[in-house]
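1. please find the sequence and the predicted model below.
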Amino acid sequence: MPILNRVAEMQDEIAGWRRHLHQIPELGFDVHRTAAFVVEKLKEFGCDEIVTGIGRTGVVGIIRGRRGDGPTIGLRADMDALPIHETTGKPYASTVPGTMHACGHDGHTAMLLGAAKYLAESRNFAGRLAVIFQPAEEGGGGGKEMVNDGMMERFAIEKVFGMHNRPSMPIGHFGIRPGPILAATAEFTITVKGRGGHAALPHHTIDPIVAGSQLVIALQNIVARHTNPLESLVVSVTTFHAGEAYNVIPAQAEITGTVRTLKREVSKSAEERIRTICNGIAALFGVTVDLAYNTNYPVTFNHPDETEFAGNVAADIAGEEQVDRSLPPAMGGEDFSYMLEARPGAFIFMGNGDSEYLHHPAYDFNDEAIPYGVSYWIKLTESALPAKAGT
């Protein structure tokens, strides 16, 4: 089944929804205007049930097929934006200073709405479809909140599927793999406490900047010299804050960063090594080093059977040659991982063409991708919940 004619006809309408959402980006769980827009559309489409407040500000719509005695599957889109100042110059650019849809969640939401509209009209499936609109993917753990709110049990969801656009992947292409497809994430904050004083009298101080700088260098050895080169691990220091004046050695420095892994044992080893380095730097320089280490999203792990099924659906839409079934895993994080821990399912990437990369101030979701994403959701639903002949 290539792109549906009806979906092609809907492209401009769906793009209009997407551009409207692009103008009103919201952060984290504070997606009230976005969620209200989703609810408005789901009511307009004639969804059988619409529930708000799942995972604080999430929305779930239920669409029953022609036969309602089948299973329930879930399709998920994320709604939140990023704290980035937009530089696209588009006529529909963000109207909220310092906030923009720099990851394409406006496109994800619009495409799932488009699929919901089509499926609410056709209902050419047996069972129930749960369209899931999630807040706070960008670090807030909205997926975990929705799972903890009992979403899977409340709506009897048996399988769940997610999708994300991917810049540099051509329009009309898809990428997927069984097993780990995105990394587990962790964040650390290291506070180095010394003794401040006059910069001209460094021998009367215990300099936290020198100690902190050595700590940053030592952290690089975790990947370079303490991890099997065949394993995937990222340890990145992303901020270093210390001091306020050119002639004062400060009393404290703060270092933050992130750790990304594809295996639990590698993540544990990295954390242990960071703690060892902190203790060693403290002893070597006579400073106090406090480490706050917070594990965040788990590995996004695609279940094998559902991955094969999703790949087959994508091939039906785009052609087998346009589907990479062995896409290399990426080191970004994704809280759809919590839903995949709760239920079998798969996460797929869809091409966004030659655009700026995700989280870039000039990024924009490519509206030419809309027919492929919407058709994928429709085909997946009708294939997972096939209507019996004559019904």
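-> Ah, there it is. Numbering: from 1, shown residues only.
2. let me see the domain layout of this structure.
-> Taking automatic domain parsing as the domain assignment, the ranges for the chain are 5-183+300-384, 184-295.
3. and the least confident helix or strand in the chain by mean pLDDT, which strands flank it?
-> In the chain, the helix or strand scored least confidently by mean pLDDT, DSSP states H and E is strand 67-78, which has a mean of 92. Strand pairing for strand 67-78, determined by DSSP bridges: strand 126-134 (parallel), strand 157-166 (parallel).
4. which parts of it are buried?
-> Applying a neighbour-count criterion of 16 or more other C-beta atoms under 10 Å, one finds G70, T72, I73, G74, L75, R76, A77, D78 buried in strand 67-78. For every residue, glycine as well, the C-beta is placed using N, CA and C.
5. pick out the most distant pair among those residues.
-> Using C-beta to C-beta, those span at most 26.6 Å, a distance reached by G70 and D78.
6. tell me the secondary structure at the nearest residue to A310 once chain neighbours are set aside.
-> If the residues on either side of it in the chain are set aside, A310 comes closest to A346, at 4.3 Å by C-beta to C-beta, 6 or more residues apart in numbering. At A346 the chain is in strand, as set by DSSP: H, G, I helix; E, B strand; the rest coil.
7. sorry, back to before: quick one: closest of the strands paired with strand 67-78 to P202.
-> For P202, the closest of the strands paired with strand 67-78 is strand 157-166, at 49.7 Å, according to C-beta to C-beta.
8. in that closest one, what's buried?
-> Residues of strand 157-166 classed as buried under the neighbour-count rule (16+ other C-beta under 10 Å) are I157, E158, K159, V160, F161, G162, M163, H164, N165, R166.
9. repeat that for stretch 361-378.
-> Taking 16+ other C-beta under 10 Å as the basis for neighbour counts, the residues of stretch 361-378 that come out buried are 363-367, 369-378.
10. for it, measure first residue to last.
-> The separation between the terminal residues of stretch 361-378, taken as C-alpha to C-alpha, to the nearest Å, is 32 Å.
11. using CSV, write out every CA atom in the least confident helix or strand of the chain.
-> As requested, C-alpha coordinates have been extracted for strand 67-78 and formatted as CSV (Å, rounded to 0.1, in the frame of the first residue of the first chain):
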residue,chain,number,x,y,z
ARG,A,67,-15.7,-4.6,15.3
GLY,A,68,-14.8,-3.7,18.9
ASP,A,69,-14.0,-7.1,20.2
GLY,A,70,-10.4,-7.1,19.2
PRO,A,71,-7.2,-6.1,21.1
THR,A,72,-6.1,-2.5,21.7
ILE,A,73,-2.8,-1.0,20.3
GLY,A,74,-1.3,2.4,21.2
LEU,A,75,0.3,4.9,18.9
ARG,A,76,2.3,7.6,20.6
ALA,A,77,3.3,11.2,19.6
ASP,A,78,5.1,13.8,21.8
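12. that one: how far from the chain's middle?
-> The chain centroid and the centroid of strand 67-78 are separated by 21 Å under C-alpha atoms, centre = their mean, to the nearest Å.
13. again, but for stretch 32-40
-> Averaged over its C-alpha atoms, stretch 32-40 has a centre that lies 20 Å from its chain's centre (C-alpha atoms, centre = their mean).
14. quick one: average pLDDT of it?
-> Regarding stretch 32-40, the rounded mean pLDDT is 98.
15. one more: stretch 83-101?
-> This predicted structure assigns stretch 83-101 an average pLDDT of 98.
16. again with stretch 13-27
-> Summarised as a single mean, pLDDT over stretch 13-27 is 98.
17. buried residues in that stretch, which are they?
-> Judged by neighbour count using 16+ other C-beta under 10 Å, the buried positions of stretch 13-27 are I14, A15, W17, R18, R19, L21, H22, Q23, I24, P25, E26, L27.
18. what comes into contact with that stretch?
-> Stretch 13-27 is contacted from outside by 32-34, 37, 41, 79-83, 90, 92-96, 99-101, 106-107, 109-111, 113-114, 138, 364-365, 367, 370, 374, using C-beta atoms under 8 Å, 6 or more residues apart in numbering.
19. and it, how far from the chain's centre?
-> 18 Å.
20. same thing with stretch 113-122?
-> Chain-centre distance of stretch 113-122: 24 Å, with C-alpha atoms, centre = their mean.
21. send the alpha carbons of it over as CSV?
-> Taking Å, rounded to 0.1, in the frame of the first residue of the first chain, the C-alpha atoms of stretch 113-122 are listed here in CSV:
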residue,chain,number,x,y,z
LEU,A,113,-4.0,13.6,14.5
GLY,A,114,-4.2,13.1,10.7
ALA,A,115,-4.2,9.3,11.2
ALA,A,116,-6.8,9.6,13.9
LYS,A,117,-9.1,11.6,11.6
TYR,A,118,-8.7,9.0,8.8
LEU,A,119,-9.2,6.0,11.1
ALA,A,120,-12.2,7.6,12.9
GLU,A,121,-13.8,8.0,9.5
SER,A,122,-13.0,4.6,8.0
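22. buried ones in it?
-> Under the neighbour-count criterion of 16+ other C-beta under 10 Å, stretch 113-122 has L113, G114, A115, A116, K117, Y118, L119, A120, S122 buried.
23. any chance of those residues in a markdown table with secondary structure as columns?
-> Converted to a markdown table, the buried residues of stretch 113-122 look like this (three-state DSSP):
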| residue | secondary structure |
| --- | --- |
| L113 | helix |
| G114 | helix |
| A115 | helix |
| A116 | helix |
| K117 | helix |
| Y118 | helix |
| L119 | helix |
| A120 | helix |
| S122 | helix |
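24. looking at those, which is nearest I132?
-> If you rank the buried residues of stretch 113-122 by distance to I132 using C-beta to C-beta, A116 comes first, at 10.7 Å.
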